[in-house]
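Colleague: What follows is a predicted structure for the sequence shown.
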Amino acid sequence: MNIVTLIPDGTMVQNQNAINDDPLRFLGFGVRLDQGYTLRSYFQMLETYPVLAKLNVFIPDYLEQVHKCPGTGCVYQGFEHLEFGKTVEMIGYPGEPRLEIYHSLQGVSGADAEQLKSSSLEGLLDMPVKLGKLKHVILGDPVDVFEFETVFSLFEYIDGIAWELSFHGTPEACEIRR
(Lines give C-alpha, C1' and ligand atoms only; values in the text may rest on other atoms or scores of the structure.)
Protein backbone atom coordinates (compact mmCIF):
# COMPACT_ATOMS: atom_id res chain seq x y z
CA MET A 1 0.00 0.00 0.00
CA ASN A 2 1.17 3.52 -0.74
CA ILE A 3 1.91 5.54 2.39
CA VAL A 4 1.76 9.27 3.12
CA THR A 5 3.78 10.51 6.09
CA LEU A 6 2.24 13.37 8.05
CA ILE A 7 4.89 15.75 9.40
CA PRO A 8 4.39 17.82 12.59
CA ASP A 9 4.52 21.13 10.66
CA GLY A 10 1.44 20.12 8.62
CA THR A 11 3.31 18.95 5.53
CA MET A 12 2.48 15.63 3.86
CA VAL A 13 5.36 13.61 2.42
CA GLN A 14 5.28 10.70 -0.01
CA ASN A 15 8.49 8.88 -0.99
CA GLN A 16 10.52 11.53 0.88
CA ASN A 17 9.05 14.33 -1.27
CA ALA A 18 6.74 17.01 0.08
CA ILE A 19 3.30 16.98 -1.50
CA ASN A 20 2.85 20.42 -2.99
CA ASP A 21 -0.24 20.05 -5.14
CA ASP A 22 -3.39 17.95 -5.51
CA PRO A 23 -3.55 16.33 -2.06
CA LEU A 24 -6.91 14.76 -2.96
CA ARG A 25 -5.19 12.05 -4.99
CA PHE A 26 -3.58 10.80 -1.77
CA LEU A 27 -6.86 10.26 0.15
CA GLY A 28 -6.73 6.49 -0.40
CA PHE A 29 -3.09 6.20 0.71
CA GLY A 30 -2.21 4.81 4.11
CA VAL A 31 -1.11 7.24 6.82
CA ARG A 32 2.03 7.24 8.93
CA LEU A 33 2.54 9.88 11.64
CA ASP A 34 6.05 11.29 11.99
CA GLN A 35 7.70 11.64 15.40
CA GLY A 36 6.31 14.64 17.27
CA TYR A 37 2.95 14.71 15.47
CA THR A 38 0.21 16.38 17.57
CA LEU A 39 -3.43 17.32 17.16
CA ARG A 40 -2.21 20.82 16.27
CA SER A 41 -0.24 19.19 13.40
CA TYR A 42 -3.55 17.82 12.08
CA PHE A 43 -4.99 21.34 11.91
CA GLN A 44 -1.78 22.72 10.39
CA MET A 45 -2.14 20.09 7.65
CA LEU A 46 -5.68 21.28 6.95
CA GLU A 47 -4.40 24.85 6.62
CA THR A 48 -1.46 23.80 4.44
CA TYR A 49 -3.85 21.91 2.13
CA PRO A 50 -7.13 23.91 2.31
CA VAL A 51 -9.01 21.60 -0.06
CA LEU A 52 -8.80 18.89 2.64
CA ALA A 53 -10.76 21.13 5.02
CA LYS A 54 -13.77 20.66 2.73
CA LEU A 55 -13.95 16.94 3.53
CA ASN A 56 -15.93 17.42 6.73
CA VAL A 57 -18.50 20.06 7.66
CA PHE A 58 -17.01 20.53 11.15
CA ILE A 59 -13.46 21.40 10.06
CA PRO A 60 -13.94 25.14 9.31
CA ASP A 61 -15.33 25.71 12.82
CA TYR A 62 -12.42 23.80 14.37
CA LEU A 63 -9.89 25.85 12.44
CA GLU A 64 -11.53 29.00 13.75
CA GLN A 65 -11.35 27.64 17.31
CA VAL A 66 -7.69 26.66 16.87
CA HIS A 67 -6.81 30.25 15.90
CA LYS A 68 -8.26 31.46 19.22
CA CYS A 69 -6.13 29.02 21.26
CA PRO A 70 -2.64 29.75 22.62
CA GLY A 71 0.21 28.85 20.24
CA THR A 72 1.76 26.33 22.65
CA GLY A 73 1.14 24.50 25.90
CA CYS A 74 -2.32 23.18 25.05
CA VAL A 75 -2.12 19.83 26.86
CA TYR A 76 -4.31 17.82 29.20
CA GLN A 77 -2.27 16.42 32.09
CA GLY A 78 -4.51 13.37 32.45
CA PHE A 79 -3.40 11.85 29.13
CA GLU A 80 -0.01 10.79 27.79
CA HIS A 81 -1.24 10.91 24.19
CA LEU A 82 -4.30 10.75 21.95
CA GLU A 83 -4.98 7.57 20.01
CA PHE A 84 -6.93 7.30 16.76
CA GLY A 85 -8.43 3.85 16.32
CA LYS A 86 -10.92 1.80 14.36
CA THR A 87 -13.49 -0.72 15.60
CA VAL A 88 -15.29 -3.40 13.62
CA GLU A 89 -18.25 -4.69 15.59
CA MET A 90 -20.38 -7.67 14.65
CA ILE A 91 -23.87 -7.25 16.10
CA GLY A 92 -26.92 -9.40 15.75
CA TYR A 93 -27.73 -11.83 18.47
CA PRO A 94 -30.47 -11.53 19.30
CA GLY A 95 -31.75 -9.56 16.36
CA GLU A 96 -30.84 -8.84 12.78
CA PRO A 97 -27.12 -9.38 12.03
CA ARG A 98 -25.13 -6.32 11.02
CA LEU A 99 -21.60 -5.02 10.95
CA GLU A 100 -20.62 -1.56 12.22
CA ILE A 101 -17.28 0.10 11.49
CA TYR A 102 -16.38 3.27 13.34
CA HIS A 103 -13.42 5.37 14.43
CA SER A 104 -12.45 6.68 17.82
CA LEU A 105 -10.17 9.34 19.23
CA GLN A 106 -9.32 8.65 22.85
CA GLY A 107 -7.03 9.95 25.52
CA VAL A 108 -4.52 7.34 26.71
CA SER A 109 -2.70 7.14 30.01
CA GLY A 110 -0.73 3.94 30.61
CA ALA A 111 -2.95 1.01 29.63
CA ASP A 112 -6.14 3.03 30.12
CA ALA A 113 -7.98 4.71 27.27
CA GLU A 114 -10.92 7.02 27.80
CA GLN A 115 -13.22 9.12 25.70
CA LEU A 116 -12.39 12.79 25.47
CA LYS A 117 -15.96 13.79 26.41
CA SER A 118 -15.75 17.28 27.88
CA SER A 119 -12.08 17.91 27.07
CA SER A 120 -11.76 21.23 25.29
CA LEU A 121 -9.91 21.56 22.02
CA GLU A 122 -7.57 24.00 23.76
CA GLY A 123 -6.53 21.24 26.17
CA LEU A 124 -5.76 18.76 23.40
CA LEU A 125 -3.96 20.65 20.63
CA ASP A 126 -0.40 19.88 21.72
CA MET A 127 -1.06 16.29 22.74
CA PRO A 128 0.90 13.69 20.75
CA VAL A 129 -1.28 11.64 18.40
CA LYS A 130 -0.66 7.95 17.72
CA LEU A 131 -2.39 5.47 15.46
CA GLY A 132 -4.05 2.59 17.31
CA LYS A 133 -5.02 -0.90 16.32
CA LEU A 134 -8.19 -2.23 14.78
CA LYS A 135 -10.44 -3.67 17.46
CA HIS A 136 -12.79 -6.48 16.48
CA VAL A 137 -15.78 -6.90 18.80
CA ILE A 138 -17.89 -10.01 18.32
CA LEU A 139 -21.62 -9.87 19.10
CA GLY A 140 -21.19 -6.86 21.36
CA ASP A 141 -19.06 -8.75 23.88
CA PRO A 142 -16.44 -6.32 25.22
CA VAL A 143 -14.63 -9.25 26.90
CA ASP A 144 -13.73 -10.90 23.60
CA VAL A 145 -12.10 -7.99 21.79
CA PHE A 146 -9.42 -8.91 19.29
CA GLU A 147 -6.81 -6.33 18.27
CA PHE A 148 -4.98 -6.22 14.95
CA GLU A 149 -2.41 -4.01 13.28
CA THR A 150 -4.16 -1.95 10.62
CA VAL A 151 -3.66 0.86 8.13
CA PHE A 152 -5.72 4.04 8.16
CA SER A 153 -6.29 5.88 4.89
CA LEU A 154 -5.69 9.62 4.76
CA PHE A 155 -9.43 10.11 4.25
CA GLU A 156 -10.31 7.96 7.29
CA TYR A 157 -7.84 9.90 9.38
CA ILE A 158 -9.04 13.38 8.37
CA ASP A 159 -12.75 12.63 8.51
CA GLY A 160 -12.52 10.34 11.54
CA ILE A 161 -10.82 12.90 13.77
CA ALA A 162 -13.21 15.66 12.69
CA TRP A 163 -16.21 13.42 13.35
CA GLU A 164 -14.94 12.31 16.77
CA LEU A 165 -14.19 15.88 17.85
CA SER A 166 -17.77 16.79 16.97
CA PHE A 167 -18.88 14.70 19.97
CA HIS A 168 -16.11 15.58 22.40
CA GLY A 169 -15.41 18.95 23.90
CA THR A 170 -16.79 21.15 21.13
CA PRO A 171 -20.31 22.09 22.27
CA GLU A 172 -21.18 24.20 19.23
CA ALA A 173 -20.55 21.21 16.97
CA CYS A 174 -22.47 18.80 19.21
CA GLU A 175 -25.82 20.10 18.02
CA ILE A 176 -25.58 17.80 14.99
CA ARG A 177 -26.04 14.14 15.94
CA ARG A 178 -25.63 10.87 14.03
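Modeller: Perfect, I can see it now.

Colleague: Quick one: low-confidence residue ranges for the chain.
Modeller: Residue ranges of the chain with pLDDT under 70: 93, 140-141, 168-178.

Colleague: Nearest the middle, which residue of it would you pick?
Modeller: What sits nearest the mean C-alpha location of the chain, by Cα atoms, centre = their mean, is Ile161, with 3.1 Å.

Colleague: Okay, that one and Gly132: tell me how far apart.
Modeller: Look at Ile161 and Gly132: by Cβ to Cβ, to the nearest Å, they are 12 Å apart. Every C-beta, even on glycine, is put in place using the N, C-alpha and C of the backbone.

Colleague: Check the contact lists of the two and give me the overlap.
Modeller: Both Ile161 and Gly132 are in contact with Phe84, where contact means Cβ atoms under 8 Å, 6 or more residues apart in numbering.

Colleague: helix or strand for Tyr157, which one?
Modeller: Here Tyr157 sits within helix 154-165, counting by DSSP states H and E.

Colleague: name the helices or strands packed onto that helix?
Modeller: Contact partners of helix 154-165 among helices and strands, from 3 or more Cβ pairs under 8 Å, 6 or more residues apart in numbering; DSSP states H and E: strand 30-33, helix 39-48, helix 59-68, strand 81-91, strand 98-109.
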